[in-house]
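Undergrad: Need coordinates for the following:
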Amino acid sequence: MKVPALVRRAGWNLGEQVVSSLSNSILSFIVANSVDSVTFGGFAVAFTVFALVIGASRAISTSPLNIRFADCTPEE
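TA: Now for the predicted structure:
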């Protein structure tokens, strides 16, 4: 049975998001257990700024291309 392309793409997107969220959570847990509360607060602020900058960068650069060419064949 062939899996439809939309379901396959959705599965990859879901899997990528799970891996990304899990790795971010693990990093936060490791840092929280390794440092005091003031240092962890600094890490949390820095990591939040980092995540916002990465999100904005992706929204401006690669996401529009992914959306525009999501349904194109390799020949297009």
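
Undergrad: only C-alpha atoms for contact and neighbour calcs from this point on.
TA: Fine.

Undergrad: quick one: the helix or strand of the chain with the lowest mean pLDDT to chain centroid distance?
TA: Counting by mean pLDDT, DSSP states H and E, the chain has its least confident helix or strand at helix 62-68, which shows a mean of 74. Going by CA atoms, centre = their mean, to the nearest Å, the spacing between the C-alpha centre of helix 62-68 and its chain's C-alpha centre is 15 Å.

Undergrad: One more: stretch 62-76?
TA: Distance, centroid of stretch 62-76 to centroid of chain: 19 Å (CA atoms, centre = their mean).

Undergrad: Buried residues of the longest helix belonging to the chain, list them for me.
TA: If you go by DSSP state H, the chain has its longest helix at helix 5-34. Judged by neighbour count using 16 or more other CA atoms under 10 Å, the buried positions of helix 5-34 are 28, 32.

Undergrad: right, and the helix or strand after that helix?
TA: Using DSSP states H and E, the helix or strand that follows helix 5-34 in sequence is helix 37-60.

Undergrad: Residues in contact with that following helix: which ones?
TA: Contacts of helix 37-60 with the rest of the structure, by CA atoms under 8 Å, 6 or more residues apart in numbering, involve 31-32.

Undergrad: So which bits of that helix are buried?
TA: Quick answer for helix 37-60 (16+ other CA under 10 Å): 40, 43.

Undergrad: Check Ala70 and give its pLDDT.
TA: With respect to pLDDT, Ala70 has a value of 68.

Undergrad: for the record, mean pLDDT for the longest helix of the chain?
TA: pLDDT averaged over helix 5-34 gives 90.

Undergrad: for that helix, the distance to its chain's centre please.
TA: Counting by CA atoms, centre = their mean, helix 5-34 comes out at 7 Å from the chain centroid.
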